[in-house]
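Asker: sequence first, predicted model second:
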Amino acid sequence: MRGSPRSGLRATILSLAVALAVSAPASALHAQGGAAGNQQEAGPWPPASAGLRFGYDQSANGEVLGAQLRIPVLRNGHLEVVPGADVTFVTRLREYGFTADLVYVSGGRQGGFYGGGGIALRNSVYGTDPESARETKTGFGAVIGLKTGGPAGLGTQVEFRWVFLPGVEFDPRAVTVGVNIPLWGRRNGS
């Protein structure tokens, strides 16, 4: 019922490459802020943002819909805590995932490439018997992606996420595209 790992990995890599190619020009335009971008580093704390993401889980062969918070840990925006929850829609089954990651964002407040990892929980039916009970397994996750947009406006993201679960024959791998909205408004001079 799960797809071929090779074909799924190829589709994942192709999807990520296309998404990064589409998102990169927006990031480059935003980075041209010059000196104004440097002044933001010393400004007030960047706002946390809430977002939605959607995509495809290559291991489960199902669509993914999720939500997340991006909470800056440092004033310059280089470190964020990113808790999130996802639902994967597999044929006749919904799998629920919860993650809490610590990520490093290369461009800080301006966005850029990011990567990190943390704890992951996955609730699903893991046995092959149709009457198997649902179980929640705890593991760890890794994530890489590209985040665009500044702290005072709408941001986008493209990410690739792996979840590693002990005692499970497959590890969820999802490619998602998301939109993030700051939780408080634009500040003058920031």
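Answerer: That came through fine.

Asker: residue 64: neighbour count?
Answerer: By the criterion of other CB atoms under 10 Å, residue 64 has 21 neighbours. (C-beta placed from N, C-alpha, C; glycine too.)

Asker: just the helices from the chain, written as ranges.
Answerer: Per DSSP state H, the chain carries helices over the ranges 5-31, 35-40.

Asker: in space, not sequence, find me the middle residue of this structure.
Answerer: Nearest to the mean C-alpha position of the chain, counting by CA atoms, centre = their mean, stands residue 159 at 4.9 Å.

Asker: buried stuff in stretch 129-139?
Answerer: For stretch 129-139, a neighbour-count test (16 or more other CB atoms under 10 Å) marks residue 139 as buried.

Asker: quick one: contacts of it?
Answerer: 119-127, 163-168 (CB atoms under 8 Å, 6 or more residues apart in numbering).

Asker: isn't residue 86 up against residue 64?
Answerer: Yes. Using CB atoms under 8 Å, residue 86 is in contact with residue 64, at 5.3 Å.

Asker: can you check which residues contact both of those two?
Answerer: Common neighbours of residue 86 and residue 64 (criterion: CB under 8 Å, 6+ apart): 53, 174.

Asker: alpha carbons of stretch 135-155, as PDB, please.
Answerer: Taking Å, rounded to 0.1, in the frame of the first residue of the first chain, the C-alpha atoms of stretch 135-155 are listed here in PDB:
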ATOM      1  CA  GLU A 135      -0.800   3.900  18.200                       C
ATOM      2  CA  THR A 136       1.200   7.000  18.800                       C
ATOM      3  CA  LYS A 137       5.000   6.600  18.300                       C
ATOM      4  CA  THR A 138       7.600   9.100  19.300                       C
ATOM      5  CA  GLY A 139      10.700   9.700  17.300                       C
ATOM      6  CA  PHE A 140      12.700  12.600  15.900                       C
ATOM      7  CA  GLY A 141      12.400  14.700  12.800                       C
ATOM      8  CA  ALA A 142      14.700  16.700  10.500                       C
ATOM      9  CA  VAL A 143      13.600  19.500   8.300                       C
ATOM     10  CA  ILE A 144      15.200  21.700   5.500                       C
ATOM     11  CA  GLY A 145      13.500  24.400   3.600                       C
ATOM     12  CA  LEU A 146      13.400  27.900   2.200                       C
ATOM     13  CA  LYS A 147      11.500  30.800   3.900                       C
ATOM     14  CA  THR A 148      10.800  34.100   2.300                       C
ATOM     15  CA  GLY A 149       9.300  37.300   3.500                       C
ATOM     16  CA  GLY A 150      10.200  39.800   6.200                       C
ATOM     17  CA  PRO A 151       8.900  40.100   9.800                       C
ATOM     18  CA  ALA A 152       6.200  42.600   9.000                       C
ATOM     19  CA  GLY A 153       4.600  40.900   6.000                       C
ATOM     20  CA  LEU A 154       3.200  37.700   4.600                       C
ATOM     21  CA  GLY A 155       5.900  35.000   4.300                       C
END
